[in-house]
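1. got a predicted structure plus its sequence, pasted below:
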Amino acid sequence: MLYVITGPPAAGKTTYISERAAPGDIVIDYDTLCQAFALNTVALQEWPAHIKKMAHAARFAAITQALKLCQDVDVYLIHGMPDSDALTKYRAARATIIVIDPGRDIVNERVAACRPPAMRRIVDSWYDKYIEGVAMGSRTKDRGYLRNRERVRRTEDTCAWCGAFIDPDLKYPDPMSFSADHIVPVSRGGANRGALQAAHLQCNKQRGARLNSQRVTPHARQW
């Protein structure tokens, strides 16, 4: 079985695997590869360019081979922000996609405490890319998605996450403007044309990959 572990930096992806993988299982982790090539027992997070180049090449080769073996052995692959092409490849291998997302505030606290400042940009990119799932660029060209989004914009004016009114006069990137939120995030296996709900842009970002069952009490916006 192939398990693809995705999530922002400092979410706990490596910890998740260490608590579940058994001896003999395959674990593909970019940072671990960097450590191996650098003979360094401490993750630097800012590896030299030649080490990163080696790790990327080794990771690509490992994934290619793991896709052939995952029917016979458990494979844990850390891929923080897979695009739509990667997800298609993983799903073709019948992978289980696991999202590790403790919430944006917690992730930012962890990054501030033990990661270089540049990592904050990656955190922002992860949450922005996963506002409505992955591959935002291709989605905006999907006419079915756009029709669904427009229907929700016209018929819903209450945020599904905080319960407050969504002012139709506010436009992106205003944090209180309308956004279309996939009820089942694409990163959790939801369909691009799946059911949508209205949400404030900032609520949608903070929601991350949470399911509706994990929503907060309306008007209590505690993330």
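-> Cool, got the structure.
2. show me the shaky parts of this protein.
-> 40-45, 129-143, 186-193, 208-223 (pLDDT under 70).
3. rerun at 50
-> Within the chain, the ranges that satisfy pLDDT under 50 run 131-141, 216-223.
4. map the structural domains onto the sequence of it.
-> Split into domains by automatic domain parsing, the chain comes to 2-101, 130-214.
5. got a markdown table for the ones you listed, with mean neighbour count and distance to residue 114 too?
-> Every C-beta, even on glycine, is put in place using the N, C-alpha and C of the backbone. Formatted as a markdown table, the domains of the chain follow (neighbours: other CB atoms under 10 Å; distance: least, CB to CB, whole Å):
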| stretch | mean neighbour count | distance to residue 114 |
| --- | --- | --- |
| domain 2-101 | 16 | 7 |
| domain 130-214 | 17 | 20 |
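6. in TSV, list these along with distance to residue 112.
-> Formatted as TSV, the domains of the chain follow (distance: least, CB to CB, whole Å):
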stretch	distance to residue 112
domain 2-101	9
domain 130-214	17
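7. out of those, which comes closest to residue 116?
-> With CB to CB, the closest approach to residue 116 among the domains of the chain belongs to domain 2-101: 5.6 Å.
8. span of that closest one from start to end?
-> 19 Å (CA to CA, to the nearest Å).
9. distance from that domain to the middle of the chain?
-> Here domain 2-101 is found 14 Å from its chain centre; the criterion is CA atoms, centre = their mean, to the nearest Å.
10. oh, and call the first residue 30 from now on, that's how I've got it
-> Right, with 30 as the first residue, what we last looked at is domain 31-130.
11. so residue 39 sits right up against residue 143, yeah?
-> Yes - using CB atoms under 8 Å, residue 39 is in contact with residue 143, at 7.4 Å.
12. bridging residues for residue 56?
-> Assessed by DSSP bridges, residue 56 has beta-bridge partners residue 105.
13. in terms of helix, strand or coil, where does residue 32 fall?
-> Assigned with DSSP: H, G, I helix; E, B strand; the rest coil, residue 32 falls in the strand class.
14. for it, give its distance to residue 229.
-> Look at residue 32 and residue 229: by CB to CB, to the nearest Å, they are 33 Å apart.
15. contacts only, for residue 229.
-> Applying CB atoms under 8 Å, 6 or more residues apart in numbering to residue 229 gives the contacts 188, 190-191, 193, 195, 204-208.
16. would TSV of the residues you listed with secondary structure be doable?
-> Output for these, formatted as TSV (three-state DSSP):
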residue	secondary structure
188	coil
190	coil
191	coil
193	coil
195	coil
204	coil
205	coil
206	coil
207	strand
208	strand
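17. would you format the residues you listed as CSV with distance to residue 120 included?
-> Below are the contacts of residue 229 laid out as CSV (distance: CB to CB, whole Å):
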residue, distance to residue 120
188, 31
190, 27
191, 32
193, 36
195, 33
204, 33
205, 35
206, 32
207, 30
208, 26
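18. buried residues in stretch 143-152?
-> Buried residues in stretch 143-152, counting neighbours by 16 or more other CB atoms under 10 Å, are found at 144, 148, 151-152.
19. and for the closest residue to residue 39 other than its chain neighbours, the neighbour number?
-> Nearest residue to residue 39 in three dimensions, chain neighbours excluded: residue 139, at 3.8 Å (CB to CB, 6 or more residues apart in numbering). Neighbours of residue 139 under the rule other CB atoms under 10 Å: 18.
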